[in-house]
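S.K.: show me how the following folds:
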Amino acid sequence: MDKNLGKWTAAAAGLAGAGAAVVAAKKMADARKAACTPAPSVYRNTELGRHEKNAKGIYYTSGNYEAFARPEKPAGVEEKSAYIVGSGLAALAAACFLVRDGQMPGSHIHILEAMDIAGGACDGICDPTRGYIMRGGREMEDHFECLWDLFRSIPSLEKPGASVLDEFYWLNKHDPNYSLCRATVDRGQDAHTDGKFNLTQKGCLEIVKLFLTPDEDLYDKTIEDVFDEEVFSSTFWLYWRTMFAFENWHSALEMKLYFQRFIHHIAGLPDFSALKFTRYNQYESLILPMKKYLEDAGVDFRFGVEVTNVLFDIQKDRKVATAIECRVHGVEQGIVLSENDLVFVTNGSCTEGTIYGDHDHAPNGDAEVRTSGCWSLWKNIARQDPAFGHPEKFCSDIAKTNWESATITTLDDKILPYIKNICQRDPRTGKVVTGGIVSCQDSKWLLSWTINRQGQFKEQSPEKVCVWVYGLFTDVPGNYVKKPMKACTGREITEEWLYHLGVPVGLIPELAARSAVCVPTMMPYITAFFMPRAKGDRPDVIPDGCVNFAFLGQFAETPRDTVFTTEYSVRTAMEAVYGLLGVDRGVPEVWGSVYDVRALLDSSVCLLDGRSPLEMELPGPLNLLKKPALRFIRGTVIEQLLRRHNILRDEAQ
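M.R.: Residues are numbered from 1 along each chain as shown. The predicted structure follows:
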């Protein structure tokens with residue numbers, strides 16, 4: 001990182017203070033760009049069309065030249081095979097890229113899944129004994145470059161002749177997403193956050209300082225190490241923590257990466273206009289089309305196969321996966337590998353060890369680190385070489401990585417008027433309902449809930465409405481139910497939710513018992529990827545020296561992107577396949593809004609609730625520089641730029 005970056009902090013506090021601030025923002029962006037680019041020996045310069053592959057066989061591109069190109073078939077692909085451990089989004093994406101871009105015969109691709117169903121965390125099922133279950137939902141945006149690159153090639157199951165991307169694009173054009181009530185207080189009353197962030201100048205400066213801090217200075221630091229009550233008491237933090245599920249003790253580095261990654265969506269944060277959603281739950285809308293595509297290509301799905309270890313021959317500068325150890329329906333087996341056998345492993349899982357409850361039972365059970373599953377597999381691999389990461393950094397403190405969600409399904413019309421009163425839409429139209437989560441600002445559980453387009457399941461009765469609820473604080477008594485959320489049955493969680501909807505207290509027990517059914521799910525590791533970390537804790541997608549092995553998913557390291565997104569899973573899959581197989585096509589770079597002066601200017605105005613940064617009191621003599629700088633840029637394109645983005649206004653001159 002350029003050591004002169006600190007000089008730009010004050011000027012960047014406005015992110016644009018006339019011409020001088022624009023220059024500051026540009027220099028800050030250039031410095032950040034250099035800081036975010038790995039060392040030349042690993043990631044060579046890919047700017048200005050110099051598309052040199054890095055040491056992992058990958059390069060990054062932007063624009064439509066490479067986006068529309070089809071790569072040539074990699075040499076020798078017919079002699080290669082692939083073993084993919086897991087069948088979540090990242091694993092299925094890797095298989096799709098092997099088929100589409102690697103042109104590997106489908107019969108050479110083997111997906112090894114411990115469960116009897118594909119999809120991983122992207123689930124959505126109707127359990128006949130419990131009811132509808134969605135452990136979570138997927139929020140997407142325009143610039144998930146790798147995700148849309150993939151789904152443009154996956155045929156839709158709903159629209160003949162269309163791709164999943166076509167289907168998604170048309171849906172969100174016709175029915176754009178936005179929220180009419182972002183938060184409530186006092187039992188269902190609009191909190192009137194009104195799109196404001198309510199950040200003080202000191203709070204804004206804390207965010208700018210984090211934005212400018214080198215990654216290495218944030219290793220193993222928490223958010224509360226870099227923010228104080230100036231941020232934590234703001235509406236901005238309510239929006240941020242409930243939308244992304246950040247806690248005060250989570251990674252300051254990941255917080256910074258999120259802010260940089262989605263800087264172009266700051267204006268859409270209060271009303272969720274930045275977001276897009278699938279028509280159905282993510283299993284039916286995303287996973288099933290991918291599975292059908294792979295089955296049609298002849299890919300070999302093997303369910304009931306729990307991989308417990310991958311063995312390596314590790315030399316000085318070469319690491320070769322030589323065998324896969326696994327249990328097939330409980331029987332110990334092994335798969336011997338050659339260098340032509342490519343292995344892709346999803347290391348870690350945010351939904352590992354999920355404990356299910358039902359309407360009459362709390363999700364009680366052992367939530368400790370399991371001796372089997374994704375975490376154990378990663379630990380076994382990591383013991384063999386430091387380049388394979390440090391899983392214990394993420395899975396060793398479930399008190400800090402858990403929260404609980406629940407799926408509430410209404411059974412009649414009695415609860416719907418209270419829902420309509422808040423979201424101001426009829427949930428049965430099949431269109432956008434809440435437009436994102438509604439956060440109960442005064443909830444002791446910090447309860448949030450959302451209703452996506454109904455039915456959320458293709459076979460769902462049109463009379464029923466599926467509501468997704470989650471609480472960030474699972475270990476404190478609720479406002480109505482005087483128990484911690486983690487100790488509550490589905491009925492009790494429904495009661496707490498009805499209380500915050502504003503249902504009269506006398507009606508709550510009856511409605512919770514007879515007008516809804518609720519399935520709670522406790523997830524011990526749901527925010528494990530947000531735990532404070534340092535370089536090397538997450539292994540590279542292709543660890544140094546690996547010849548035939550790569551990691552996939554939320555716990556693999558890729559530059560600049562952010563975890564807890566569908567994009568991250570697909571990006572790691574694309575990088576893994578392109579690198580190991582030698583696919584000669586660029587991986588779409590992470591959208592560059594953090595380097596776009598326009599996005600920086602717009603976000604600065606948004607964070608100040610519409611005020612110009614020129615209205616801020618800058619430290620020391622910088623205030624005296626405002627008028628000379630404004631005179632200097634008068635009549636230039638810089639003045640036009642600042643006026644267009646509401647930085648420069650007549651009253652500020």
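
S.K.: near Val226, how many other residues are there?
M.R.: For Val226, the count of nearby residues is 19 (other CB atoms under 10 Å). Glycine gets a C-beta too; all of them are placed from N, C-alpha and C.

S.K.: next one: Ser439
M.R.: Neighbour tally, Ser439, other CB under 10 Å: 26.

S.K.: so it sits in a strand?
M.R.: Yes - according to DSSP: H, G, I helix; E, B strand; the rest coil, Ser439 belongs to a strand.

S.K.: how about Trp249, nearest residue that isn't a chain neighbour?
M.R.: Thr222 (5.0 Å; CB to CB, 6 or more residues apart in numbering).

S.K.: in contact with that neighbour, which residues?
M.R.: 248-252, 532 (CB atoms under 8 Å, 6 or more residues apart in numbering).

S.K.: nearest to Pro386, of those?
M.R.: Pro532 (18.8 Å; CB to CB).

S.K.: mind checking what secondary structure the closest one has?
M.R.: Classified using three-state DSSP, Pro532 is coil.

S.K.: do I have it right that it meets His250?
M.R.: Yes - using CB atoms under 8 Å, Pro532 makes contact with His250 at a distance of 7.3 Å.

S.K.: could you turn the buried ones of the contacts of Thr222 into a PyMOL selection?
M.R.: Here is the PyMOL command that selects the buried residues among these (16 or more other CB atoms under 10 Å):
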select buried, resi 249+250+251+252+532
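
S.K.: and the contacts of Thr222, which is closest to Thr213?
M.R.: Ala252 (8.1 Å).

S.K.: quick one: contacts for the closest residue to the closest one other than its chain neighbours?
M.R.: Nearest residue to Ala252 in three dimensions, chain neighbours excluded: Lys221, at 4.3 Å (CB to CB, 6+ apart). Residues near Lys221 by CB under 8 Å, 6+ apart: 251-253, 532.

S.K.: show me which of the residues you listed is closest to Val226.
M.R.: Ala252 (4.8 Å).

S.K.: contacts only, for that closest one.
M.R.: 210, 218, 221-223, 225-226, 532.

S.K.: likewise for Trp249?
M.R.: Contacts of Trp249 by CB under 8 Å, 6+ apart are 222-224, 400, 532.

S.K.: and it, how close does it get to Gly389?
M.R.: 21 Å (CB to CB, to the nearest Å).

S.K.: so what pLDDT did the residue lying closest to Val77 once chain neighbours are set aside get?
M.R.: Distances taken as CB to CB, 6+ apart place Met104 nearest to Val77, at 5.2 Å, with adjacent residues excluded. At Met104, the pLDDT value in this model is 98.

S.K.: phi and psi next, for Met104.
M.R.: Met104 adopts backbone torsions of phi -80, psi 140, taken as degrees, to the nearest 10.

S.K.: that one: neighbour count?
M.R.: 25.

S.K.: surely it touches Leu98?
M.R.: Yes - Met104 lies in contact with Leu98 (CB under 8 Å); the separation is 4.6 Å.

S.K.: span of stretch 73-92 from start to end?
M.R.: Start to finish, the residues bounding stretch 73-92 are 20 Å apart (CA to CA, to the nearest Å).

S.K.: name the residues of that stretch that are buried.
M.R.: Per 16+ other CB under 10 Å, stretch 73-92 contains these buried residues: 74, 77, 80-92.

S.K.: take the residues you listed and keep only those in strands.
M.R.: Among the buried residues of stretch 73-92, DSSP state E puts 81-85 in strands.

S.K.: redo these as a markdown table? Include pLDDT and distance to Met243.
M.R.: Putting those into a markdown table (pLDDT from 0 to 100; distance: CB to CB, whole Å) gives the following:
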| residue | pLDDT | distance to Met243 |
| --- | --- | --- |
| Ser81 | 98 | 41 |
| Ala82 | 98 | 36 |
| Tyr83 | 98 | 37 |
| Ile84 | 98 | 31 |
| Val85 | 98 | 31 |
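
S.K.: turn the residues you listed into TSV, including distance to His143.
M.R.: Converted to TSV, those look like this (distance: CB to CB, whole Å):
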residue	distance to His143
Ser81	34
Ala82	29
Tyr83	32
Ile84	27
Val85	29
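
S.K.: relative to Glu557, which of those residues is nearest.
M.R.: Val85 (18.0 Å).

S.K.: from Asp341, how far out is the closest one?
M.R.: 13 Å.

S.K.: then Asp271?
M.R.: Distance from Asp271 to Asp341, by CB to CB: 49 Å.

S.K.: ok, now Gly106?
M.R.: 16 Å.

S.K.: neighbour count for the two, which is higher?
M.R.: The residue with more neighbours, out of Gly106 and Asp341, is Asp341; 21 against 16, by other CB under 10 Å.

S.K.: OK, contacts around the closest residue to the more buried one other than its chain neighbours?
M.R.: Closest residue to Asp341 apart from its sequence neighbours, by CB to CB, 6+ apart: Ser81 at 5.0 Å. By CB under 8 Å, 6+ apart, the contact list for Ser81 reads 108-110, 340-342.

S.K.: pLDDT weak spots in this protein?
M.R.: 1-51, 366-372, 619-620, 622, 651-653 (pLDDT under 70).

S.K.: phi, psi for Asp313 please.
M.R.: phi -100, psi 110.

S.K.: the stretch 451-600 of the chain: strands as residue ranges?
M.R.: 465-471, 516-523, 549-552, 587-588 (DSSP state E, counting those that start in this stretch).

S.K.: report the distance from the last one to the chain centre.
M.R.: This means strand 587-588. A distance of 18 Å separates the centroid of the chain from that of strand 587-588, by CA atoms, centre = their mean, to the nearest Å.

S.K.: now the second one
M.R.: Here strand 516-523 is found 22 Å from its chain centre; the criterion is CA atoms, centre = their mean.

S.K.: how about residues contacting that strand?
M.R.: By CB under 8 Å, 6+ apart, strand 516-523 touches 127, 130-133, 135, 350-351, 353-359, 362-363, 365, 367, 402-411, 415, 474, 486, 488-491, 493-494.

S.K.: list buried members of these by neighbour count.
M.R.: By 16+ other CB under 10 Å, the contacts of strand 516-523 give 130-133, 135, 350-351, 353-355, 357-359, 362-363, 367, 402-411, 415, 474, 486, 488-491, 493-494 as buried.

S.K.: these in helices, which ones?
M.R.: Taking DSSP state H, the ones among the buried ones among the contacts of strand 516-523 that sit in helices are 490-491, 493-494.

S.K.: out of these, which is nearest to Glu141?
M.R.: Ile493 (29.7 Å).

S.K.: okay, and the common contacts of Met104 and Leu98?
M.R.: In contact with both Met104 and Leu98: 82, 581, using CB under 8 Å, 6+ apart.

S.K.: from Thr410, how far off is Cys466?
M.R.: From Cys466 to Thr410 the distance is 8 Å (CB to CB).

S.K.: on that earlier part again, from the contacts of Thr222, which is closest to Phe277?
M.R.: Distances from Phe277 to these, taken by CB to CB, are shortest for His250, at 24.6 Å.
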